[in-house]
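Q: Quick one, what's the 3D model for this:
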Amino acid sequence: MHAYGRGSFAGAVHERLPHVTVEEERRLRNYRIREHFPTRVFASARLRSVGTGGTMRALVELHTYKLVLMAYHQTAMRELGRIVANPGSDPFPVVLAAYRNALPRALARAPRYTSMINVIEHAWGYVSDEVGASETRFYRAQLERYRAGRVPLSAVTALLWSWALGFERPHLLGQAFFLPYPEALMSGSDSGKGRRRR
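A: Alright, predicted model coming up:
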């Protein structure tokens, strides 16, 4: 195995093309890795589309990955926020290049489950005042199941997303955290290793 935990082919690709997202197929049977890998793939794809569009507004809209970045790497999230703010009024290609270099580093490692729980609880604060007692108990139960490794992250985020839609919470509706990649890529199967807590 490669030092990063990838197979030899994926490891070789990473060494030659560090900004390209690669993963060994066998490892994608793991909940945690399977949720991490497409998040990186689609974040990179959206960034490429921003480069094609060529506007600062598009880059600012890409930063709807803020909650994702909060879970992955809060220091990197703040760095990317400063890049988007563009305090030096740099031309768009310069800002885009800086963002392109920083984003892969921010998403390099799958987030710890404790970081994900912190972001979930942060999002919960935007809808908790509208959710009834029985629904709150169900949310808490699902969160504990996720904490114990019995369900994937999507089992909890789907609840929050439904409330964000129902209560029209714009701060949450603009966040890629709830659907960082197409729903068709989500699966309930797992190798068992995805349940190990970190």
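Q: Which strands and helices lie in contact with the helix or strand where residue 145 lies?
A: With elements delineated by DSSP states H and E, residue 145 resides in helix 133-147, which encompasses its position. Counting contacts by 3 or more C-beta pairs under 8 Å, 6 or more residues apart in numbering; DSSP states H and E, the secondary-structure elements packed against helix 133-147 are helix 113-124, helix 154-166. Where you see a C-beta, it was placed from the backbone N, CA and C, and this is true even at glycine.
Q: Looking at the last one now, give me its mean pLDDT.
A: Averaging pLDDT along helix 154-166 gives 94.
Q: coming back round to it: who touches the helix holding residue 145?
A: 113, 116-117, 120, 124, 128, 131, 151-153, 155-156, 159-160, 197 (C-beta atoms under 8 Å, 6 or more residues apart in numbering).
Q: Of these, grab the buried ones for PyMOL.
A: Buried residues among these (16 or more other C-beta atoms under 10 Å), as a PyMOL selection:
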select buried, resi 113+116+117+120+124+131+151+152+153+156+159+160
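Q: Now for the contacts of helix 133-147: which two are most distant?
A: In the contacts of helix 133-147, two members sit farther apart than any others by C-beta to C-beta. They are 131 and 197, at 26.6 Å.
Q: ok, now which ones touch the most centrally placed residue in the chain?
A: Central residue of the chain (C-alpha atoms, centre = their mean): residue 68, 3.7 Å from the mean position. Taking C-beta under 8 Å, 6+ apart as the contact definition, residue 68 lies against 39, 43, 107, 175-177, 180.
Q: Quick one, grab the pLDDT at the residue nearest to it when sequence neighbours are not counted.
A: The shortest distance from residue 68 to any residue that is not its chain neighbour, by C-beta to C-beta, 6 or more residues apart in numbering, is 5.0 Å, and that residue is residue 177. Reported pLDDT at residue 177 in the predicted model: 88.
Q: pretty sure residue 177 is in contact with residue 118, am I right?
A: No: because the distance of 11.9 Å does not satisfy C-beta atoms under 8 Å, residue 177 is recorded as not touching residue 118.
Q: Which of the two has more residues huddled nearby?
A: Set side by side, residue 177 and residue 118 show more neighbours around residue 177, with 25 against 15, by other C-beta atoms under 10 Å.
Q: and that one, helix, strand or coil?
A: The local conformation at residue 177, judged by DSSP: H, G, I helix; E, B strand; the rest coil, is helix.
Q: any idea where the helices of the protein begin and end?
A: All helices of the chain, identified by DSSP state H, fall at 8-16, 31-53, 56-62, 66-72, 74-85, 92-106, 113-124, 133-147, 154-166, 170-173.
Q: ranking the ones you listed by burial, who's on top?
A: Mean neighbours per residue, mean count of other C-beta atoms under 10 Å, is largest over the helices of the chain for helix 66-72, with a mean of 22.
Q: chain center to stretch 165-173, what's the gap?
A: Averaging C-alpha coordinates over stretch 165-173 and over its chain gives two centres that are 18 Å apart (C-alpha atoms, centre = their mean, to the nearest Å).
Q: do the same with stretch 66-81
A: Centroid separation for stretch 66-81 versus its chain: 10 Å, with C-alpha atoms, centre = their mean.
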